[in-house]
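Novice: based on what follows, work out the 3D shape:
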Amino acid sequence: MIKLKGIKKDFSKDPIDFKKIRKEDIHHPKSRLFKNRQVSNFKISNTLITEITRGKPSNSLLIFIHGGAFISGPSKHHWDTIQEITNKTNHTIWMCDYPKAPENKISEISKNIDFVYNTALKKYQAKHIILLGDSVGGTLITALTQRLIKSNIELPYKIILVSPVMDATMSNPQINTIDKIDPMLSKNGVLSAKKMCAENNDLKNEKISPINGTFDNFPNTILFLAEKDIMYPDQKLAVKKLISAKVNIDVITGKNMPHIWPFLPIMNEAKTALKEIISRLNN
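Specialist: Numbers count the residues shown, from 1 in each chain. Presented below is the predicted three-dimensional model:
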């Protein structure tokens, strides 16, 4: 199905055609997805927040930061994932539709993520906040956590990273090997998108390449990785850093799975992985 949709072809272009990819964006969910739920929208800085609750106040907040190579999103699979999480947990959910590249660079995007988290801290205790993000959503969560630690700001209870992008330089030589079997992403397009987002073409900056930052004092971190994902080599390096920093981590690796597999439709492996995510949210 991934091959039929031509996602790999779109992510093989340099420069990447971000306008074409954005045609899949859904900024407001269809009402049928969240029947018997309270859905509201508000802005924090330049980020559109869609808040979804089960109808009664919750003291726990899930901040969902979607992927999309910094150039697009959220997409249908993000809203479908949130629907399932809403049905199976009691968390209030904030979907963060943040500014995108190339109109906005990583510094502006990062400021927006900071504003979102700081606003959340005014309404919720840090111990009742969980961050969940896929792909560059995982990048933004990892980099945010590094900034929070540097600034001595209270950390979320846990972070869940699904196929996070750890190094925007895409310079790991193992990527070229996996590129041949990755059914979804290609180095050319991903690197093009990162260059659109980078400040002064600095792909090594920790905001866009958190692998270059420290992982000391990270909260409980759960990672869902995939073997057929060009991001996998850098994710393994990040895991080594997390282990070295003595962080409490859990790593779930999808054998022969593609990028962001827990959020993909139809696959039994994806359904099992999403159930695992929901289990971690409920614990």
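
Novice: how many neighbours does Asp17 have?
Specialist: Per other Cβ atoms under 10 Å, the neighbour tally for Asp17 reads 14. Placement of C-beta: from N, CA and C, glycine included.

Novice: how about low-confidence regions in this structure?
Specialist: Counting by pLDDT under 70, the chain contains low-confidence residues at 4.

Novice: tell me which stretches of it form helices.
Specialist: In the chain, the helices defined using DSSP state H lie at 2-5, 7-10, 18-21, 76-88, 106-123, 136-150, 174-179, 187-197, 232-244, 268-282.

Novice: what comes up buried for the second one?
Specialist: By neighbour count, with 16 or more other Cβ atoms under 10 Å as the criterion, the buried positions of helix 7-10 are 7-8, 10.

Novice: end to end, how far does stretch 159-168 reach?
Specialist: Using Cα to Cα, to the nearest Å, the end-to-end distance of stretch 159-168 comes out at 20 Å.

Novice: out of the helices of the chain, which is closest to Ser60?
Specialist: helix 268-282 (8.9 Å; Cβ to Cβ).

Novice: elements contacting that closest one?
Specialist: Counting contacts by 3 or more Cβ pairs under 8 Å, 6 or more residues apart in numbering; DSSP states H and E, helix 268-282 is packed against helix 76-88, strand 129-134, strand 158-162, strand 220-226, strand 249-254.

Novice: could I get the ones you listed as JSON lines with mean neighbour count and distance to Met267?
Specialist: As requested, these are exported to JSON lines (neighbours: other Cβ atoms under 10 Å; distance: least, Cβ to Cβ, whole Å):
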{"stretch": "helix 76-88", "mean neighbour count": "19", "distance to Met267": "11"}
{"stretch": "strand 129-134", "mean neighbour count": "26", "distance to Met267": "15"}
{"stretch": "strand 158-162", "mean neighbour count": "24", "distance to Met267": "14"}
{"stretch": "strand 220-226", "mean neighbour count": "22", "distance to Met267": "11"}
{"stretch": "strand 249-254", "mean neighbour count": "16", "distance to Met267": "10"}
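
Novice: still on that earlier bit, for the helices of the chain, give me CSV that also has distance to His28.
Specialist: Rendered in CSV, the data for those read as follows (distance: least, Cβ to Cβ, whole Å):
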stretch, distance to His28
helix 2-5, 23
helix 7-10, 23
helix 18-21, 19
helix 76-88, 9
helix 106-123, 18
helix 136-150, 19
helix 174-179, 35
helix 187-197, 24
helix 232-244, 32
helix 268-282, 23
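
Novice: circling back to that earlier point, how about TSV for the buried residues of helix 7-10, with distance to Ile52 added?
Specialist: Putting the buried residues of helix 7-10 into TSV (distance: Cβ to Cβ, whole Å) gives the following:
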residue	distance to Ile52
Ile7	27
Lys8	32
Asp10	29
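
Novice: just those now: which is nearest Val165?
Specialist: Nearest to Val165 among the buried residues of helix 7-10 is Ile7, at 15.8 Å by Cβ to Cβ.

Novice: ok, now which ones touch that closest one?
Specialist: Under the criterion of Cβ atoms under 8 Å, 6 or more residues apart in numbering, the neighbours of Ile7 are 184-185.
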